[in-house]
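Chemist: below: sequence and its predicted model.
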Amino acid sequence: MNPTAVLLATFILSIVGLFAFIWSMRKGLFDATSSGARSIFSKDEIGQTEEPSATAQQRRSLQGVTNANERDSVSQEGVSPTEIAAREAADRSSALPAYVLFACAAVWLVVASAAGLLASVKLHAPDLLTDTAWLTFGRLRTIHLNGVAYGWAPMGLLGLAIWLLPRLLHTPLQGGRLVILGAALWNGGLIAGLGGLAVGISAGMEWLEIPWQIGSLFAIGGMLIGLPLVFMLPRRKVHHLYVSVWYMGAALFWFPILYIVAKIPGVHFGVEQATMNWWYGHSVLGLFYTPMSIAIIYYLLPKIIGRPVRSYNLSLLGFWTLAFFYGQVGAHHLIGGPIPEWLITLSIVQSVMMIIPVLAFSINQHLTLKGYFSALKHSPVLRFIFFGACMYTVASVQGSLEALRSLNAVTHFTHFTVAHAHLGMYGFVSMVIFGGIYFAMPRVVNMPWPKPALISWHFWLVVAGFSIYIITLSIGGILQGLVLLDPARPFMDSVAVTLPWLKGRSIGGAMMTLGHLIFAYHLALMIIRSSSVPSSVPAPAPQQITA
């Protein structure tokens with residue numbers, strides 16, 4: 001298989017996506033009067049806030065913020081009992097699959113965090129635990145990456161997608177058993193894959209270390225988890241497909257294709273293997289994790305503040321330009337390598353053009369929250385969602401600039417790229433997952449969070465730790481790059497100059513890990529308490545369960 005032909009094929013598909021965008025404009029989906037942004041709200045619901053993780057006082061204060069700003073609501077009656085019953089039924093239909101996926105996500109978060117923290121410490125304490133092969137840095141770092149990339153992040157995102165689909169399509173979840181089977185296959189493959197990595201069995205390509213014989217379970221499991229969308233679309237009871245469905249549907253379609261193409265055995269060798277490696281490595285970030293996370297933000301942010309997305313036009317623009325521009329950005333990781341210069345140039349151009357969907361999303365979020373920023377004081381979920389949205393902007397703009405040859409010459413092969421990767425996968429994706437689970441779990445188990453104060457502890461610990469992590473690693477990476485470019489200095493100087501900053505990385509990582517343990521403990525406590533609640537106990541008040 002010719003990798004250039006595969007990459008050109010993805011580019012052609014992107015062009016097809018652009019024509020689809022033009023078609024959507026001709027059909028009026030881009031009109032300023034479009035009702036699409038209101039499609040997730042029932043009649044008279046605009047102006048009614050929704051925050052299941054907040055305390056009663058926080059909900060009252062949050063509603064006060066919306067009352068002071070929202071002028072579109074025609075009624076203060078809120079959601080009708082009929083709508084409440086319909087949404088409760090939707091939540092019940094997706095409760096078990098979402099429950100399973102959230103529990104798996106929490107387990108992998110703890111495992112990946114422990115591996116990542118120990119790997120970080122070993123960078124400045126290399127003699128630590130050197131007698132055990134599976135605790136060496138090379139294996140721990142790979143376990144950490146795969147635990148996050150194929151454990152925590154996809155389980156959390158897929159759980160939220162399964163929970164959202166019945167609400168967005170106004171129909172009960174179809175194929176819930178297939179979701180559980182897919183999750184079992186996926187997690188079985190991940191357990192086997194991480195076990196293989198621990199004993200030294202690896203394909204040797206970043207993001208694709210797990211051998212294809214095991215990794216094929218990810219593609220099969222992902223397809224099974226995505227089947228409910230296929231079953232539910234023909235049965236939907238909504239006239240308009242909200243933009244979150246577009247993002248989730250595309251991501252669920254893209255991931256199995258990306259993984260299968262990248263892991264086809266006996267096809268990719270040498271330079272073309274590296275080309276395909278980074279085509280996949282970047283595409284899975286931009287065409288799976290990113291659209292899934294954006295879909296969650298586009299649903300939760302309006303729901304929390306009781307206000308539709310300010311510009312539905314921008315949400316559609318962001319979707320189609322993401323699909324159009326992201327297919328080729330991975331090759332900028334190979335600047336200076338023995339691959340065609342035109343391919344690298346195309347990658348740099350598309351990396352810079354990614355500023356368009358990023359700005360479309362960022363401006364839309366700012367306009368939607370304009371006048372509502374004080375709601376951040378009262379909504380724990382909104383803090384996570386807002387922080388994630390901001391980090392998406394920062395990570396994406398930084399990535400576009402980092403693709404330029406002049407900047408890439410300094411940052412390439414340094415710790416700066418590690419910091420950049422965490423801006424996206426942690427600052428953006430993980431924070432959105434945290435917020436989404438805090439919003440969804442009270443609906444899944446039909447009870448409030450046992451200790452709301454732990455949510456604030458979690459947020460501030462991970463934000464503080466993440467800030468220390470990013471700042472120290474970015475500074476250390478730039479200093480490392482400058483030393484590497486100086487021919488008068490020996491290579492070991494580039495190692496020595498990073499040591500103080502690597503210690504800062506471990507401090508930040510320790511704080512983040514503590515926050516993760518609090519999150520996992522709180523989730524486990526909620527699961528234990530929900531299983532001990534008798535079925536005769538009444539559900540929470542309607543204002544706590546509407547969505």
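Modeler: All right, it came through fine. Since this is a predicted model, take the numbers as computed values, not measurements. Numbers count the residues shown, from 1 in each chain.
Chemist: residue nearest the centroid of this structure?
Modeler: Val429 (2.9 Å; Cα atoms, centre = their mean).
Chemist: so that one touches Ala153, yeah?
Modeler: Yes - applying Cβ atoms under 8 Å as the test, Val429 and Ala153 come out as touching, 5.6 Å apart. The C-beta positions use only the backbone N, C-alpha and C, and glycine is treated the same way.
Chemist: now do the shared contacts for those two.
Modeler: Shared contacts of Val429 and Ala153, defined by Cβ atoms under 8 Å, 6 or more residues apart in numbering, are found at Tyr289.
Chemist: what residues are up against the residue nearest to the centre of the chain?
Modeler: Going by Cβ under 8 Å, 6+ apart, Val429 touches 153, 157, 289-290, 293, 388.
Chemist: who wins on neighbours among those residues?
Modeler: Taking other Cβ atoms under 10 Å as the neighbour criterion, Ser293 ranks highest of the contacts of Val429 with 29 neighbours.
Chemist: state the distance from it to Val199.
Modeler: Ser293 sits 33 Å away from Val199, going by Cβ to Cβ, to the nearest Å.
Chemist: please apply the same query to His144.
Modeler: On the measure of Cβ to Cβ, His144 and Val199 end up 16 Å apart.
Chemist: between those two, which one's more packed in?
Modeler: More neighbours surround His144 than the other of His144 and Val199, with 21 against 10 (other Cβ under 10 Å).
Chemist: in three-state terms, how would the residue lying farthest from the centre of the chain be classified?
Modeler: Largest separation from the mean C-alpha position in the chain: Ala488, at 42.5 Å (Cα atoms, centre = their mean). For Ala488, the assignment made with DSSP: H, G, I helix; E, B strand; the rest coil gives coil.
Chemist: so who does it touch?
Modeler: Neighbours of Ala488 in contact, by Cβ under 8 Å, 6+ apart: none.
Chemist: now stretch 132-144, how far from the centre of its chain.
Modeler: 25 Å (Cα atoms, centre = their mean, to the nearest Å).
Chemist: which SSE is immediately downstream of the helix or strand where Met441 lies?
Modeler: Applying DSSP states H and E as the criterion places Met441 in helix 431-445. Next along the chain after helix 431-445, taking DSSP H and E as the criterion, comes helix 452-484.
Chemist: buried set for that next one?
Modeler: Judged by neighbour count (16 or more other Cβ atoms under 10 Å), helix 452-484 contains these buried residues: 454-455, 458-459, 461-463, 465-466, 468-470, 472-481, 483-484.
Chemist: quick one, phi psi at the residue farthest from the centre of the chain?
Modeler: In terms of degrees, to the nearest 10, the main-chain angles of Ala488 are phi -80, psi -10.
Chemist: wait, isn't His144 in contact with Leu109?
Modeler: No - using Cβ under 8 Å, His144 is not in contact with Leu109; the gap is 11.2 Å.
Chemist: give me the three-state assignment for Asp44.
Modeler: When classified by three-state DSSP, Asp44 comes out as coil.
Chemist: how many residues are close by it?
Modeler: Neighbours of Asp44 (other Cβ under 10 Å): 16.
Chemist: rewinding a little: between helix 452-484 and the helix holding Met441, find me the angle.
Modeler: Here the directions of helix 431-445 and helix 452-484 differ by 160 degrees (axes from the mean of the first three to the mean of the last three Cα atoms, to 10 degrees).
Chemist: convert the C-alpha atoms of helix 431-445 to PDB, please.
Modeler: In PDB, the C-alpha atoms belonging to helix 431-445 read as follows (Å, rounded to 0.1, in the frame of the first residue of the first chain):
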ATOM      1  CA  MET A 431     -10.900  18.100  31.800                       C
ATOM      2  CA  VAL A 432     -13.900  17.900  29.500                       C
ATOM      3  CA  ILE A 433     -14.300  14.200  30.500                       C
ATOM      4  CA  PHE A 434     -14.100  15.100  34.200                       C
ATOM      5  CA  GLY A 435     -16.800  17.700  33.800                       C
ATOM      6  CA  GLY A 436     -19.000  15.400  31.700                       C
ATOM      7  CA  ILE A 437     -18.900  12.600  34.200                       C
ATOM      8  CA  TYR A 438     -19.700  15.000  37.100                       C
ATOM      9  CA  PHE A 439     -22.700  16.100  35.100                       C
ATOM     10  CA  ALA A 440     -23.900  12.600  33.900                       C
ATOM     11  CA  MET A 441     -23.300  10.300  36.900                       C
ATOM     12  CA  PRO A 442     -26.100  11.800  39.000                       C
ATOM     13  CA  ARG A 443     -28.400  10.900  36.100                       C
ATOM     14  CA  VAL A 444     -26.900   7.400  35.600                       C
ATOM     15  CA  VAL A 445     -27.300   6.300  39.300                       C
END
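Chemist: so which bits of that helix are buried?
Modeler: If you call a residue buried by 16+ other Cβ under 10 Å, then helix 431-445 has these buried ones: 431-445.
Chemist: which other helices and strands contact that helix?
Modeler: Contact here means 3 or more Cβ pairs under 8 Å, 6 or more residues apart in numbering; DSSP states H and E; on that basis helix 431-445 packs against helix 81-124, helix 153-169, helix 290-305, helix 380-402, helix 452-484, helix 499-531, helix 542-545.
Chemist: quick one: that helix to chain centroid distance?
Modeler: Worked out by Cα atoms, centre = their mean, helix 431-445 lies 13 Å from the chain centre.
Chemist: same question, stretch 94-106
Modeler: With Cα atoms, centre = their mean, you get 16 Å for stretch 94-106.
Chemist: got a markdown table for the helices and strands packed on helix 431-445, with distance to Arg236 and mean pLDDT too?
Modeler: Formatted as a markdown table, the helices and strands packed on helix 431-445 follow (distance: least, Cβ to Cβ, whole Å; pLDDT from 0 to 100):
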| stretch | distance to Arg236 | mean pLDDT |
| --- | --- | --- |
| helix 81-124 | 12 | 93 |
| helix 153-169 | 4 | 97 |
| helix 290-305 | 16 | 97 |
| helix 380-402 | 25 | 97 |
| helix 452-484 | 33 | 98 |
| helix 499-531 | 30 | 96 |
| helix 542-545 | 22 | 40 |
